[in-house]
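Visitor: following is a predicted model, sequence given first.
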Amino acid sequence: SRRAARSSPLERLLAAKEVVIACGPGGVGKTTTAAALAATAAVRSDGRVLVLTVDPARRLAEALGAGGIGNAAVRVGDEAFAPAGVRPKGQLWAAMLDTRQSWDALVRRHSPDPETERRILANPLYQNIAGRFSQSHEYIAMERLYEIRAEGRYDLVVVDTPPSRRALDFLDAPERMADFFSSRLLRWLIVPYRSRLVNLASRPFYQVADRILGTQFLEDISEFFLLFQTMYEGFVARARAVSALLREPSTTFMVVTTLESAPVAEAQRLVDALRRRRLHLGLLVANKALPEWLADPGTAAVAERLRDSAETAAARLLARRPLELADRTLATEAELARVLDEIGESFLRFGHVAQREGELLAALAADHDVTATVPNLARDVTDLASLLELGSHVFGGRSAEPPEPPERFEGSSRSKRSEPAETAAAGSPSAPPARSVED
């Protein structure tokens, strides 16, 4: 079991949870953050931690250093942590959803007999649906999570979901799949194969369907759903149990976003949808965030004074210590003044972006138990060492009351090169973000 003593708000939260579902907009580092959370939890606690990715992108294995990750969980050995200079207290396991394998396992579990199982697995429609049907991936991800949770092998399961628009499909998939397999359309399609009697009203429908889809296709689809109905009751009961898992007290959600306007707006829609479903919002992670001190009014005043008095500052600096250059003797006062002016101006632009980020973060944080910010990291997140570095920021998150919006930043009121906050956030003033295992 995991240790009772906890030092950080996130550790205290995870002590009471068994499932963490990571969700958020696309391109914000959600997969990376899910892996970092799991890896750091395995290092800090003495339990068994599993990270399960349901996103089709197969880059998680490289960061975890465990090749060949698939439907079956693979343990990340303690030796993989050695380059990071740590030895985990617990165990880290990783799995990546294989939709077809999981569907096959579901059929074997619910088929009433071996012959029905064989016929379903061999049915051409099933073979297509198992890998391609739009709801199949989302549903089977929930089914796999339920199966893992029911096995009871892990103290904590961290689930990576598709980007937020599809993450809501992920949440609703069990009910939608149950509705699909009991829909009126499917009942119409299988009527002729249940009975030789087709009434005059429905005969034209089957004649048109036969011409468009072909007799063999209608036979395949009808046989599949006739066979599927033999395990319908067990399937629906399982789907409802899967939905109930999301609302258990041991399940929480982690919303990951960056603090640009578009991702924040999408994250807010996701948060609203989760709240309407009465799902627990445990952790908010703001990725690639600027440091709070950039928006500090005191340092902003210093930057503005530096910008407006660059020539005076340059003269004083050169008077105290001449600046030697490699290709000539000394820097000129005008050259140093231009550099100091640009430094002050750039700091003020960063300050406006940091101010805006703080306001957006405060609004989002109100619904979560713990809020964490992750800066732009100095290196790419491609191995366990960098995952643990990211995880240290996540585990350093604040709890309870949401952060207050930062004091109003008044710098650069006379900016000579002012830019909108959104432009400054995405453009040249900011350092290029470290690449992650999820673009």
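Guide: Sure, I can see it.
Visitor: and after the top helix by length along the chain, which helix or strand comes next?
Guide: Counting residues, the longest helix in the chain under DSSP state H turns out to be helix 333-365. Counting by DSSP states H and E, the next helix or strand C-terminal to helix 333-365 is strand 370-373.
Visitor: now what about that next one, what contacts it?
Guide: By C-beta atoms under 8 Å, 6 or more residues apart in numbering, the residues outside strand 370-373 that reach it are 9-10, 13, 282-286, 289, 361, 364-365, 393-399, 402-403. From N, CA and C alone the C-beta is placed, and that goes for glycine too.
Visitor: for the helix or strand following that strand, packing partners?
Guide: Later in the chain than strand 370-373, the nearest helix or strand by DSSP H and E is helix 384-394. Under the contact criterion of 3 or more C-beta pairs under 8 Å, 6 or more residues apart in numbering; DSSP states H and E, helix 384-394 touches helix 30-44, helix 60-64, strand 370-373.
Visitor: gap between the residue sitting nearest the centre point of the chain and residue 38?
Guide: Note on the chain: the residue nearest the mean C-alpha position is residue 30, at 3.0 Å, using C-alpha atoms, centre = their mean. When distance is defined by C-beta to C-beta, to the nearest Å, residue 30 is 13 Å away from residue 38.
Visitor: same check on residue 247?
Guide: Going from residue 247 to residue 38 by C-beta to C-beta gives 22 Å.
Visitor: more crowded one of those two?
Guide: Ranked by neighbour count (other C-beta atoms under 10 Å), residue 247 and residue 38 place residue 38 first, with 28 against 11.
Visitor: which residues touch the residue lying closest to the more buried one once chain neighbours are set aside?
Guide: Nearest non-adjacent residue to residue 38, counting by C-beta to C-beta, 6 or more residues apart in numbering: residue 51, 3.7 Å away. By C-beta under 8 Å, 6+ apart, the contact set of residue 51 is 34-35, 37-39, 60, 64, 92-95, 157-160.
Visitor: hmm, 7 Å instead?
Guide: Applying C-beta atoms under 7 Å, 6 or more residues apart in numbering to residue 51 gives the contacts 34-35, 38, 94, 158, 160.
Visitor: next, count neighbours for the residue nearest to residue 230 when sequence neighbours are not counted.
Guide: Distances taken as C-beta to C-beta, 6+ apart place residue 112 nearest to residue 230, at 5.2 Å, with adjacent residues excluded. Residues near residue 112, counting by other C-beta under 10 Å, number 11.
Visitor: how about residue 318?
Guide: By other C-beta under 10 Å, 17 other residues sit near residue 318.
Visitor: surely it touches residue 334?
Guide: No. Here residue 318 does not reach residue 334: they are 10.6 Å apart, not a contact under C-beta atoms under 7 Å.
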